[in-house]
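>>> here's a sequence, model it:
(chains A, B, C, D, E and F)
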4 protein chains.
Amino acid sequence: MCPKVTSQHKLEVRGRIIQSAIECFSNDGFDRTRMDEISLSADLSKGTLYNYFENKEDLFNAICEDSLDLLKVQLHHLFTKSRDDLISNAELFYENFQKLQKEGTAKVFFEALAESTRNPKLQKILFNHRLKIYKVVENYLQIQSDMGFIKADRNLAYVASGIVSLFDGITTASLIGIPENYNKKTWAVAIKAILSNLD
Amino acid sequence: MCPKVTSQHKLEVRGRIIQSAIECFSNDGFDRTRMDEISLSADLSKGTLYNYFENKEDLFNAICEDSLDLLKVQLHHLFTKSRDDLISNAELFYENFQKLQKEGTAKVFFEALAESTRNPKLQKILFNHRLKIYKVVENYLQIQSDMGFIKADRNLAYVASGIVSLFDGITTASLIGIPENYNKKTWAVAIKAILSNLD
Amino acid sequence: MCPKVTSQHKLEVRGRIIQSAIECFSNDGFDRTRMDEISLSADLSKGTLYNYFENKEDLFNAICEDSLDLLKVQLHHLFTKSRDDLISNAELFYENFQKLQKEGTAKVFFEALAESTRNPKLQKILFNHRLKIYKVVENYLQIQSDMGFIKADRNLAYVASGIVSLFDGITTASLIGIPENYNKKTWAVAIKAILSNLD
Amino acid sequence: MCPKVTSQHKLEVRGRIIQSAIECFSNDGFDRTRMDEISLSADLSKGTLYNYFENKEDLFNAICEDSLDLLKVQLHHLFTKSRDDLISNAELFYENFQKLQKEGTAKVFFEALAESTRNPKLQKILFNHRLKIYKVVENYLQIQSDMGFIKADRNLAYVASGIVSLFDGITTASLIGIPENYNKKTWAVAIKAILSNLD
DNA sequence: GATGAATGAGCTTTCATTCAT
DNA sequence: TATGAATGAAAGCTCATTCAT
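This next block holds a predicted model:
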């Protein structure tokens, strides 16, 4: 029999590698993650990894793109799904945010950040990703504004980037070990202040 | 001639190692920094490094402490020196902030952050450091409040942690390559909103 | 559709593999030639290679035989075709020689030579090949002698092996980068001296 | 005590590495020689090899230069020492030649030749080396001429390169397994013809 | 104390070969 | 028969650490 082109199979294997890689890179960072670990975790031989990705960096870039794409999708869902008043529900919003992060995407983001100072390609990926996130949040604010929850503001783009930065900063605090309750309150206080005060 | 060994001399050498290490770890991160590099940059032999620090991790912890201490001092100066109205001068404040960061302390902070997920001792250092920063900012806000620039607020501690987080997040944006003008405006908009809206 | 398997087809495929292999081994040598390269160049899958040849060494031996056979044929043509006076036309002869070599057979010869020190089977192939070349040249000299261009000589066999060795040595010089004009003159001077001086 | 600079020691170790490398590369060729082998044979750790040579290729280049230098010296001795009539003693000369080659320099030469097609730096080394050999032989012929053993010849340079090429070609034959007696006779016949027939 | 040559465990990567389809 | 994904042994190379001087 002539062999069929198992494009489906290759995609499945690639996905398995990516998943294992996300886990490993999240836990151990780029440098300390061993290709051995990844292949073991994906239940594949080390050689197979190199049939799918040119080298470690290539794999890392791929999982960054995938991981960031996932994050973007998650944020998009979160923002478009929740049509509630952000100001009143700030704390609930934070909790939902954090739940998403637990799935591993946040840690990869910080790994990518550290790595990006030595990897221009990665820096570009991160840059573009950030712009998309800004846009997602800005659209969300526009909706909140349309619904009358917040005032329209000529600075909506800056408000959006401010909110994203605030969230990144609090995630940093969270990573360091600042208690979640404290972080949640910090978020709520800042968000309420920012959104109540639009021009 | 063989060098004389005095306590003074030891301190001087230790300082030189720390300085070189800060530079190297800032540029290349923990894993990619070679002990060779550091010793070369400090104009010492590799063996001498090990007379002053037990191993690479020990050295990294030491420079983190030193580097963070420096950052704390810098922030303290910045906050106690500038008795202006933070709201009106938000952009100027951001610029001064950034100037401090350029001296290398910021990058070490993010390196330490990445490393801390694998290094409990380092995590504790970062945790305590963060609390100190929060306190510095809180005191500053109290002064601003005393001077009538901002309203007193029962949530001053949370406002302080929010400001620190906001700044960390914007520094992240800066590292990724978001233009400084954009970041500055983001900062100004958020800061004005937060501080104008205290209860 | 699955390809039909006919004896004709098998021979055609085998030929394609040999051709690709000659090219690859000529360019990169035994060790640095990848089975991937050969299969790609022959527009076949890697697995198919192993249906025709047991392993890399087996394939190399096969192409050596083929390549050397070709060289023998080329030399035979050259020697039997040119009925001119070798002494007078030594330089022209060298040029014709070189033209043949350009087709890739020479490089394979030196690859085989290097490889033969570790491959007894290959050494035997090369040994037998060399004897045949000696014979081809000896016959040629006999013809030249019959035609009165050179004296008959009781050492004709040694003269033949001398000429072959001289040519190999000059090919070595050519590989190293000694200019062709210099090599040609070297050849002409030596050939004239050798052939003018037969007993 | 302050440590002394053990330049002497480093030279001694470097020499040991070179010696082991010559042996290994002679026996197994460039590609098949393992760095492990060399270090083992030199009774050193693999890491130490890399303290003395940047990488495998660097080491190979170094041993080529060393090995070729040695060959040049050997040839120089041979040619300046033997003030006999080369024509009458051609066979003896060949034997002395071969004796030198047995010491390992010849095989490295052919290894280098094969490798040089992929290594421009090496090609240059071989090229320059060859020119030097030509010169050594040319000088020798001049002396033979001065002593009246051979005629002066306007083509002495070409005669020299012819002799070198002849010798290389016969060495090739020797590597392939052509019997030494046959090679010796080939040499004698060709040498006598060439040198008896100078203009 | 200061040195730097030596170490060797451990990493990334390669590639001839196999075999289920 | 043809395929090409999977394999895994083995290679080159790195670098934190040690220790005799």
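>>> neighbours of the closest residue to residue A:161 other than its chain neighbours, how many?
Distance criterion CB to CB, 6 or more residues apart in numbering or on different chains; nearest residue to residue A:161, sequence neighbours excluded, is residue B:186 at 4.5 Å. Bear in mind the C-beta positions are built from the backbone N, C-alpha and C, glycine included. Residue B:186 has 28 neighbouring residues, counting by other CB atoms under 10 Å in any protein chain shown.
>>> pick out the residue nearest the middle of chain A.
Nearest residue to the geometric centre of chain A (CA atoms, centre = their mean): residue A:71, 3.6 Å.
>>> contacting residues for that residue?
Residue A:71 makes contact with A:100, A:105-106, A:109, A:129, A:133, according to CB atoms under 8 Å, 6 or more residues apart in numbering or on different chains.
>>> mind redoing it with 6 Å?
Taking CB atoms under 6 Å, 6 or more residues apart in numbering or on different chains as the definition of contact, the neighbours of residue A:71 are residue A:105.
>>> now the closest residue to residue A:196 other than its chain neighbours: how far from residue B:150?
Closest residue to residue A:196 in three dimensions, ignoring its sequence neighbours and counting by CB to CB, 6+ apart: residue B:197, at 5.4 Å. The spacing between residue B:197 and residue B:150, counted by CB to CB, to the nearest Å, is 10 Å.
>>> now stretch A:170-185: how far from the chain's centre is it?
Here stretch A:170-185 is found 17 Å from its chain centre; the criterion is CA atoms, centre = their mean, to the nearest Å.
>>> any chance of the backbone angles for residue A:178?
Backbone geometry at residue A:178, expressed as degrees, to the nearest 10, gives phi -60, psi 130.
>>> skipping its backbone neighbours, what lies nearest it in space?
Counting by CB to CB, 6+ apart, residue A:178 lies nearest to residue B:130, which is 6.4 Å off, once chain neighbours are set aside.
>>> what segments of chain A are strands?
Counting by DSSP state E, chain A forms no strands at all.
>>> residues in it within reach of chain B, list them.
Proximity of chain A to chain B is confined to A:31, A:114, A:123, A:126-127, A:130, A:155, A:158, A:161-162, A:165-166, A:168-170, A:172-173, A:176-177, A:185-186, A:189-190, A:193-194, A:196-197 under the rule CB under 6 Å from any CB of the partner chain.
>>> buried subset of those, written for ChimeraX?
ChimeraX command restricting those to the buried ones, with burial defined by 16 or more other CB atoms under 10 Å in any protein chain shown:
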select /A:31,114,123,126,130,155,158,161,162,165,166,168,169,170,172,173,176,185,186,189,190,193,194,197
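>>> in helices only, show me the residues of chain A next to chain B.
Members of the residues of chain A next to chain B lying in helices (criterion: DSSP state H): A:31, A:114, A:123, A:126-127, A:130, A:158, A:161-162, A:165-166, A:168-170, A:172-173, A:176, A:185-186, A:189-190, A:193-194, A:196.
>>> need the contact list for residue A:122.
By CB under 6 Å, 6+ apart, the contact set of residue A:122 is A:61, A:112, A:115-116.
>>> and the residue nearest to it when sequence neighbours are not counted, how many neighbours?
The shortest distance from residue A:122 to any residue other than its chain neighbours is 4.5 Å, reached at residue A:116 (CB to CB, 6+ apart). Using other CB under 10 Å, residue A:116 is surrounded by 20 other residues.
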